[in-house]
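Colleague: the amino acid sequence is not available; the structure is as follows:
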Ligand SMILES: [Zn+2]
């Protein structure tokens, strides 16, 4: 049985919604695959943690949400994708970035990510066009940027806390986060109470390091609101790439382009940016069973 590390909860009066995740195993798997340095483990780890919770907001299990951060920092582009079934995967353009810690001793995620750019949230709900929301980055620290996204793009007052604790040997000690959202109609008293609760909470990583979990986060964040657990689910790092997907991707380039690639080298190597799996395809074979009447991309 998989660990129920993702939790959705709600206040008794239905006005406050809570999402929490212990993403330790997810971030560990990401670090194993991408061999990230400490600060990029924290940066992409936070983004994956937020994505896991935003996946839980989707209605359909096959819907997915992509968080993309382009901040102009040395880490380059960061990407995290989650679906409605608890599967998360991510990618960072430059996995190894070395920066001195901040004055408070924390990893300088904001400097690695950069602040000069945007957070894009792309929600693919199986419709013809995905929903795309974009906000300028606040700090590149991810949690503040996600908070701002919800405030501006979805007009939902939100508190977002994300944490990744990296050991000196670069292994991941723990990671997790929570998102609290106020539904329309919240009173001033409720807002004040929530602010008090959250200000009094230890950091997410301090809670996890003490052996606490997502239920404890719910109880602390929504203290006084008689919160209920709506559901729990396992969230895991999983890439859904396959040889068929790679074939489809190559076909989408169009026959002419594949012929050009074939003339350069008939043995194509495509590696998945999310899991580093390498696919080797014979382009002559791909061209031989090219579907009749396949649409060519328009320039
Ligand atoms: Zn993959």
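Modeller: Noted; the coordinates are in hand. Computed from a predicted model, the values in this text were never measured in an experiment. Numbers count the residues shown, from 1 in each chain.
Colleague: tell me the pLDDT at the residue lying closest to residue 223 once chain neighbours are set aside?
Modeller: Excluding its sequence neighbours, the residue lying closest to residue 223 (C-beta to C-beta, 6 or more residues apart in numbering) is residue 197, at 5.1 Å. In short, each C-beta sits where N, CA and C put it, glycine included. Note for residue 197: predicted pLDDT of 97.
Colleague: quick check: the gap between residue 133 and the ion.
Modeller: Residue 133 is 26 Å from the ion, where distance means C-beta to the ion, to the nearest Å.
Colleague: select the longest strand from this protein.
Modeller: Taking DSSP state E as the criterion, the chain has its longest strand at strand 172-182.
Colleague: which parts of this structure sit against the ion?
Modeller: Residues of the chain lying close to the ion (C-beta under 5 Å from the ion) are 239, 241, 272, 274, 275, 277.
Colleague: so what's the last one up against?
Modeller: For residue 277, the residues meeting the contact criterion (C-beta atoms under 8 Å, 6 or more residues apart in numbering) are 239, 241, 271.
Colleague: okay, now the first one: neighbour count?
Modeller: Burial of residue 239, expressed as a neighbour count using other C-beta atoms under 10 Å, amounts to 19.
Colleague: same question for residue 140.
Modeller: Residue neighbour count, defined by other C-beta under 10 Å, stands at 25 for residue 140.
Colleague: and for the one 5 residues further on?
Modeller: Counted with other C-beta under 10 Å, the burial measure for residue 145 works out to 27 neighbours.
Colleague: same thing with residue 72?
Modeller: There are 15 residues near residue 72, going by other C-beta under 10 Å.
Colleague: and the closest residue to residue 241 other than its chain neighbours, how far from residue 33?
Modeller: Leaving aside its sequence neighbours, residue 241 sits nearest to residue 272 (C-beta to C-beta, 6+ apart; 4.3 Å). Distance of residue 272 to residue 33, computed by C-beta to C-beta, to the nearest Å: 10 Å.
Colleague: where along the stretch 151-299 of the chain do the strands fall?
Modeller: 158-166, 172-182, 228-233, 236-237, 267-271, 278-282 (DSSP state E, counting those that start in this stretch).
Colleague: mean pLDDT and mean neighbour count added to those, as CSV?
Modeller: Conversion of the strands of the stretch 151-299 of the chain to CSV gives the following (pLDDT from 0 to 100; neighbours: other C-beta atoms under 10 Å):
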stretch, mean pLDDT, mean neighbour count
strand 158-166, 96, 23
strand 172-182, 97, 24
strand 228-233, 96, 15
strand 236-237, 98, 20
strand 267-271, 92, 13
strand 278-282, 94, 13
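Colleague: need those strands in JSON lines with distance to residue 297, can you?
Modeller: Converted to JSON lines, the strands of the stretch 151-299 of the chain look like this (distance: least, C-beta to C-beta, whole Å):
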{"stretch": "strand 158-166", "distance to residue 297": "38"}
{"stretch": "strand 172-182", "distance to residue 297": "38"}
{"stretch": "strand 228-233", "distance to residue 297": "38"}
{"stretch": "strand 236-237", "distance to residue 297": "32"}
{"stretch": "strand 267-271", "distance to residue 297": "18"}
{"stretch": "strand 278-282", "distance to residue 297": "19"}
